[in-house]
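In: Predicted structure and sequence below. I'll ask about it afterward.
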Amino acid sequence: MKTFSSAAGNSITLNINVFPAPPNQLPGTNKYGADTVIVGFASKSLIMSGYCRVPVGGIVPTSYFYQSFDVLLPVYGSIWQYLTSSQLPSSVSYKNVTGLLTAEGNLIIQLQSPITQATFLAPLDSGVSAFLSAYNLTQALGSSFARSTVARVHLLASAMTKSNFTNNSTLTTSSLLNQQLTCLLNVVSPGSVTFYAGQTNATISSAAVDVSILYGRSYVQAVNYVLVPSGVALPGAAGSALPSLLLLAVATLVGRWMALLLLA
């Protein structure tokens, strides 16, 4: 880890992994070449080429210029990059919802895109656990239709901060069924914002509010529960041993027969 000063005078801390120089490269020229550089909390990767290390400043170089293959940004470049970041505080984890999104397989493409303009209501792991304690995951989200319907109702069609939500408003989601959410502000608890789907509701958590993606192009709001719209059957209470959403993602990738073996 090394801290640099940018041209604007800001300090930026990078985690630097330096790979050994190839045999045909001059010794010492890989100091900051052929590297994978990760910037700050955003975990933005930057590949720098050790073969284009241009000295600047005369016979004894005072600076070096490197060719890179990406743009280094001190902010999250996509919703997915934030959700899967290893730099999140311990109180914020989205492993279960990223497992659901991986299993769903389609919405993840939109979440990975830096051009997406949206708001993602991201259920914290604690909220997903509460959902799993009330409903049988395999039955509730076992079909591709159910996974897609539930995943898409969490993505709003525009970028919104918490202050943008108004009482009794109707919010458009990315649902293919044109499903909407109702937003209510809690008068008893000022500042509390709750979203109502067809069958469940979720409230914005103070753990992560107004997480900006690419300078406000999108936002992530952490919520305390899973939103389930109408049209998705919610069976009765689940048993004591529940498969995780990560396991559900694995089942989607390796096939139904593997899922049966893992759940046995």
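Out: Cool, got the structure.
In: Can you list phi and psi of residue 171 for me?
Out: As for residue 171, its main-chain torsions (degrees, to the nearest 10) stand at phi -110, psi 130.
In: brain fart, residue 107
Out: Torsion angles, degrees, to the nearest 10, at residue 107: phi -60, psi -30.
In: for the residue nearest to it when sequence neighbours are not counted, helix, strand, or coil?
Out: Nearest residue to residue 107 in three dimensions, chain neighbours excluded: residue 151, at 4.9 Å (CB to CB, 6 or more residues apart in numbering). In short, each C-beta sits where N, CA and C put it, glycine included. Here residue 151 is recorded as helix under DSSP: H, G, I helix; E, B strand; the rest coil.
In: could you say which helix or strand contains residue 172?
Out: Assigned by DSSP states H and E, residue 172 falls within strand 169-172.
In: Which strands or helices does that strand pack on?
Out: strand 180-185 (3 or more CB pairs under 8 Å, 6 or more residues apart in numbering; DSSP states H and E).
In: Which helix or strand lies directly C-terminal to the strand it packs on?
Out: Strand 180-185 is succeeded, C-terminally, by strand 193-196 (DSSP H and E).
In: Pull out the buried residues from the one helix or strand residue 82 maps to.
Out: Taking DSSP H and E as the criterion, residue 82 maps to helix 79-83. For helix 79-83, burial by neighbour count (16 or more other CB atoms under 10 Å) applies to 79, 80, 81, 82, 83.
In: cool, and stretch 183-198?
Out: 183, 184, 193, 194, 195, 196, 197, 198.
In: if I look at residue 168, how far off is residue 183?
Out: 7 Å (CB to CB, to the nearest Å).
In: With residue 163 instead?
Out: Residue 163 is 12 Å from residue 183, by CB to CB.
In: try residue 157
Out: 13 Å.
In: Common neighbours of these two, please.
Out: residue 171 (CB atoms under 8 Å, 6 or more residues apart in numbering).
In: coming back round to it: for the strand holding residue 172, which strands pair with it and how are they oriented?
Out: strand 180-185 (antiparallel) (DSSP bridges).
In: pLDDT averaged over the strand it pairs with - what is it?
Out: What strand 180-185 shows for mean pLDDT is 85.
In: Can you tell me what sits against it?
Out: So strand 180-185 is contacted by 153, 156, 165-173, 192-197, 227 (CB under 8 Å, 6+ apart).
In: Could I get the full set of strands for the stretch 1-150 of the chain?
Out: Assigned by DSSP state E, counting those that start in this stretch, the stretch 1-150 of the chain shows strands spanning 2-5, 11-18, 35-39, 44-56, 63-68, 119-123.
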